[in-house]
Structures are given as structure tokens and as C-alpha cells.
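K.L.:
okay, structure incoming, though there's no sequence with it:
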């Protein structure tokens, strides 16, 4: 495995890829706020490739919700209603403290019906393509603190710390590229779905550049899915938050697992040897998501199983898979996380680990762990704001999906509300 010194050198290397801020792209973003920046995309269609992706997103959004599957068929009876010890009284109180401060206009934008399709309209680029709710960099400090308090009360302490670190790294990137009004610590939107209550289902969405959290709550149970967390770069090397780093554990554990496999299992796990492999079918790589499959608006994606079957691996390697899943479940409170890891381990006989790229200490890579009850992805990306044209270890995207209608708590809601059809339908 790479030493800490080697890892530090890899992460510090982003400095050699700082962009030329005198180019038209960066001159334009420096003059814009979030709304002017979004206008460049939505009205002027710049950049064209992202506008094309946005149009595709809108088509996907029009589809009724089904859920991510491996074969197009949603499997029933995979998730159970249970007491996970979630502090729902405190969480509900924190949500109501937000509501009490909303103006009439903010209330209309922020309090949406639990069946609103807008729960699905999150996205992770810095472009504000779905403007709803309240935006943290535009509201009073008191209201902003209340939103952050809800996050802190809902998530685990380590999960909240990770979310705040992602927000601070976003601010750091905004400073690096002179775009502080588009990317800053508080350039995130917050929306409530349903009426906060201790005995009825409700939830919220918190989304912006490189951090998107979909949270469903019912009594003492929680679902945080889908979520997306990324960073470019993934470490702050100067300023008041110097030393902040995220996503390095997901990176370390994935590489440790791949390097520990036998030669035969490495071959089974490897879907493609190159990050942009000539053997990839059309669409397997795209400009925005690159290798990951289940990002924004991909609620109904069919992702066939591939790779090595986790249930055939030795106990030590299965323990590494557990450690990876626990890291991806970090946003959940401890008891919820423990139960979800147990759920996943019970299905190691139908859980697959797949890999793209090299597996040397310095190689960028992609991996996925996929089962009927959980799908996680890790991907090293090329530059979006930095100028590296090839994937680098300082730009990382990670995400989690709960397949078979588990996202947004839909599979649980179908049990809470038996009058609702098995396949819960959201329509625009």
C-alpha cells in the first residue's frame, strides 16, 4: 500500500493543474452569481455538452420512479420497517425550528408534499439547474445555523463532519478558481418533503456542488439514499481549514481490497483495464459522470452485476468489503449503520465487487460494490475546474444507491402506506 508520504505527494500535486483564470470561461464565472452561472447553461446552452446532459436528465425525470435494478425487475420484500434508535423527536424539533423562521415566500418554495417529484431533481454540478427551497448563502445566519443543526442532529457525528468538510472543500475550490459566489461553503439548497413528525414519514434534500443528501425519516428509522459526495481537490492545503481531507478512506480500502485479491480474482473483478477503455460500449463513459453509473437523475438505471462474487472471497477480504460499506454508510447514525452493514453482509452471496483501471499505488481507478440492497461507486476523475485531462487521485466522486426502490425510502413507504401500489409512482 502507498505510504502516507506518497499519498500526501499525490494529493498536493493538484497545484500543478491550477487553471488559467484569464480564459473566457473563468472570467465569466468570476463575474456571475449562482443564478447568472445557471443562465449560461439554461438559456445560452454553455457548455453545450452539459446542456445536452441536462436535457437528457429532464427526460429521465419524466419517467415514473421505479428504482435502480440489476435486470429491470424490482425485487420485493428486501427492506423491513424497524426501530433503529434514530432520535426522531430531536430531529423533528430541529426541522420545526427551520419552519418557524421561514417567510411566506420561503415556505412555498421549501415545504413540498412528500410525493413531490422534486425530491428526485437533485444534481451535483455547480450549475443550479433545480432552484427550489432555500439556499444557505442567501438566508439569515440564524436560519442557516438551523439548517446545519438539522443536519447535525440527523447524521452521525462523523457523517456530519464529512458533510461539512465537503462544503469547506467546495469553498476552497471556489477560492482557487475565483468563483466564490458560485462555489462556497454555503452554496447549497435545502428542501423539506412532508410535514416533520415523530410518527409519519417525511424527509429532506440538501444538495449542491459535490454534496447531495436525500434523507427519509419514519419514526426511529432513517434512509440516506441516494447521496453523492465528491471533491476537487479532495484536500485543503492552505487557509483556516488546511489539512481537511475526505474520501481517502474509501480510496484506501478499495485499493487494499483489490490489491489483496488473488490473480484469478483480480481478473474476475476487472471490468476494464483502462479508465477510458476502447472496449467500453457506447455510453459506458460520458463527459460528466465518466465511469460512475448511478448519479443524478439515474433513479431507474439498470446496472447488470459484474466482477467477483464477494461470497466466494476469504473472510479477511469479506471484512474489507464490510469496512468499505461501513465507510459509505458513514452518514447514518451508528445503530442504523450497524444494521445496514448486517443487511449487506447477509447478501454477500449475491454481492459483486468490480474494478476499472490499474491497481498500483499511484493508479487512478473506479470500483463498485453492488448487491440487491446497496450499490456504491468510487471514481477518480479528470479535471473539471483543474486542468488535468486524465483521471487523478485528487478529484474523486462517490455515491450510494439503495436498489429495488430503496432510494428516497420508497420501499419502506410502500409498507407504511399499504394503499399505495407496490411500485410507487411519482409523476411530474
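P.N.:
Great, that's in hand. Quick caveat: nothing in here was measured; it's all calculated off a predicted structure. Numbers count the residues shown, from 1 in each chain.
K.L.:
now residue 188, which residues is it bridged with?
P.N.:
residue 208 (DSSP bridges).
K.L.:
my guess is it contacts residue 204, does it?
P.N.:
No: proximity of residue 188 to residue 204 does not meet the contact threshold set by Cβ atoms under 8 Å, at 11.9 Å. C-beta: built from backbone N, CA, C; applies to glycine.
K.L.:
name the residues of the helix or strand harbouring residue 250 that come out as buried.
P.N.:
According to DSSP states H and E, residue 250 maps onto helix 248-260. For helix 248-260, burial by neighbour count (16 or more other Cβ atoms under 10 Å) applies to 249, 250, 251, 252, 253, 254, 255, 257, 258.
K.L.:
show me what stretch 141-154 is in contact with.
P.N.:
87, 90-91, 94-95, 97-98, 101-102, 134, 136, 139, 160, 163-164, 186, 190, 204, 206, 213, 215, 217, 222 (Cβ atoms under 8 Å, 6 or more residues apart in numbering).
K.L.:
that older thread, how far away from the center of its chain is the next helix or strand after the helix holding residue 250?
P.N.:
Toward the C-terminus, helix 248-260 is succeeded by helix 263-269 as the next helix or strand (DSSP H and E). Taking Cα atoms, centre = their mean, to the nearest Å, one finds the center of helix 263-269 at 28 Å from the center of the full chain.
K.L.:
who are the packing partners of helix 263-269?
P.N.:
Using 3 or more Cβ pairs under 8 Å, 6 or more residues apart in numbering; DSSP states H and E as the contact test, the elements touching helix 263-269 are strand 308-309, strand 352-357.
K.L.:
thinking again about what came up before, which of the contacts of stretch 141-154 fall within helices?
P.N.:
90, 91, 94, 95, 97, 98, 160, 163, 164 (DSSP state H).
K.L.:
narrow the residues you listed to those that are buried.
P.N.:
91, 94, 95, 97, 98, 160, 163, 164.
K.L.:
which of the residues you listed sits closest to residue 128?
P.N.:
residue 163 (18.9 Å; Cβ to Cβ).
K.L.:
I'd say that closest one and residue 211 touch.
P.N.:
Yes: the criterion here is Cβ under 8 Å, and residue 163 meets it with residue 211 at 6.2 Å.
K.L.:
helix, strand or coil for residue 59?
P.N.:
helix (DSSP: H, G, I helix; E, B strand; the rest coil).
K.L.:
just the one 4 residues further on next, same as before
P.N.:
Classification of residue 63 by three-state DSSP places it in coil.
K.L.:
dump the residue contacts of it.
P.N.:
Here residue 63 is in contact with 299, 300 (Cβ under 8 Å, 6+ apart).
K.L.:
same thing with residue 137?
P.N.:
Neighbours of residue 137 in contact, by Cβ under 8 Å, 6+ apart: 34, 184, 185, 186, 187, 188.
K.L.:
can you check residue 317 too?
P.N.:
Contacts of residue 317 by Cβ under 8 Å, 6+ apart are 257, 260, 261, 310.
K.L.:
just put the residues you listed in a markdown table and tack on pLDDT and distance to residue 374.
P.N.:
A markdown table is the format used below for these (pLDDT from 0 to 100; distance: Cβ to Cβ, whole Å):
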| residue | pLDDT | distance to residue 374 |
| --- | --- | --- |
| 257 | 98 | 16 |
| 260 | 98 | 21 |
| 261 | 98 | 20 |
| 310 | 98 | 11 |
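K.L.:
returning to what we had before: who wins for most neighbours among the contacts of residue 137?
P.N.:
Within the contacts of residue 137, most neighbours by other Cβ atoms under 10 Å means residue 188, with 27 neighbours.
K.L.:
OK, contacts around that one?
P.N.:
Contacts of residue 188 (Cβ under 8 Å, 6+ apart): 135, 136, 137, 167, 206, 207, 208, 211.
K.L.:
from residue 241, how far off is the nearest residue in space to the fourth one that is not next to it in sequence?
P.N.:
Meaning residue 167. Excluding the flanking residues, the one nearest residue 167 by Cβ to Cβ, 6 or more residues apart in numbering is residue 185, at 4.9 Å. Per Cβ to Cβ, to the nearest Å, residue 185 is found 9 Å from residue 241.
K.L.:
and residue 140, by the same measure?
P.N.:
23 Å.
K.L.:
in the stretch 301-428 of the chain, what spans have low per-residue confidence?
P.N.:
Along the stretch 301-428 of the chain, the model assigns pLDDT under 70 to residues 417-428.
K.L.:
before we move on, the earlier item: just the buried ones among the ones in helices among the contacts of stretch 141-154 now: which is nearest residue 115?
P.N.:
Distances from residue 115 to these, taken by Cβ to Cβ, are shortest for residue 95, at 18.1 Å.
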